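**Student:** Mind looking at a prediction? Sequence and model below.
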Amino acid sequence: MAHIGIVACSAEGAALCYRTICQEAPALLGAYAHPQISLNGASFAEYVARLDRGDWNGVGRLMLGSAEKLAAAGADFFICPDNTVHAALPFIEARLPRPFLHIADAVAALAVERRYGTLGIMGTRWLVESEVYPRKLREFGIVAVRPSEADRAETHRIIMDELVAGVFRPDSTARLQETVAHLGDAGCDAVVLGCTELPIVLSGTHAPIPLLDSTRLLARAALVRATAE
């Protein structure tokens, strides 16, 4: 089996991705089994500082540093369970020492399978205002819809002030559910939970339209890749 390298950013997202691979692998491989996994992450504060000043080259250098360490540890390919920092991939793709599975590819694959034509995008303001999902989804003929200014600002606040710190408040979850409903009203077939912390509070909740858990979809894509090799 291939060795999975996780380029970590936030702790909650990296942990959810790692846990998903380990929990779902036994169904394919037998009791207690999973592929070899290595994880490396720069301090989250270093990522946030660069994101705040729009330094995508700097974000990319942090990712590349982790990727190089993971390659040295034997990783055969990389995943990053953080949607936002995928916007830095174009700055480093040519220098990556191993293949990189894009999180939006994993989401798009399920959307195509389910024949979704329009997806709402939820995540940090950095992600929502980027072309990470719109550009990738266009390759599959899928339209990406951004939340309203008010919804994206409140979602960003909840993610950065609460979720990444492991703080989960019922009133904040209710506000996130409102954003899902607004995207449904805007004509979306489903909503991408484009932040690795969002599934922690929204998965399993009642939602007017389907929710696509990008973190778990990426973990499953990595598991399929690793076992296929």
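**Tutor:** On my side now, so go ahead.
**Student:** all helices for the protein, in order.
**Tutor:** All helices of the chain, identified by DSSP state H, fall at 11-24, 26-29, 44-52, 56-72, 89-92, 103-113, 125-128, 132-138, 149-161, 170-185, 198-202, 214-228.
**Student:** Quick one: distance of the second one to the chain centre.
**Tutor:** Relative to the chain's own centre, helix 26-29 is displaced by 23 Å; criterion: C-alpha atoms, centre = their mean, to the nearest Å.
**Student:** averaged over its residues, what pLDDT does that helix have?
**Tutor:** Across helix 26-29, the average pLDDT comes to 94.
**Student:** name the helices or strands packed onto that helix?
**Tutor:** Counting contacts by 3 or more C-beta pairs under 8 Å, 6 or more residues apart in numbering; DSSP states H and E, helix 26-29 packs against helix 214-228. Every residue, glycine included, has its C-beta placed from N, CA and C.
**Student:** Taking helix 11-24 as reference, get the angle to the helix it packs on.
**Tutor:** 40 degrees (axes from the mean of the first three to the mean of the last three C-alpha atoms, to 10 degrees).
**Student:** Give me the residues contacting the worst-scoring helix or strand of the chain on mean pLDDT.
**Tutor:** Every helix and strand in the chain was compared by mean pLDDT, DSSP states H and E; the lowest is helix 198-202, with a mean of 88. The contact list for helix 198-202 (C-beta atoms under 8 Å, 6 or more residues apart in numbering) reads 12, 16, 122-123, 159, 163, 168, 172-173, 176-177, 180, 193, 211, 213-216.
**Student:** Tell me which of the helices of the chain sits nearest to Ile37.
**Tutor:** Smallest distance to Ile37 across those (C-beta to C-beta): 6.3 Å, for helix 11-24.
**Student:** Can you give me the pLDDT of the nearest residue in space to Thr179 that is not next to it in sequence?
**Tutor:** Leaving out its chain neighbours, the residue that sits closest to Thr179 by C-beta to C-beta, 6 or more residues apart in numbering is Asp151, at 4.3 Å. According to the prediction, Asp151 has pLDDT 98.
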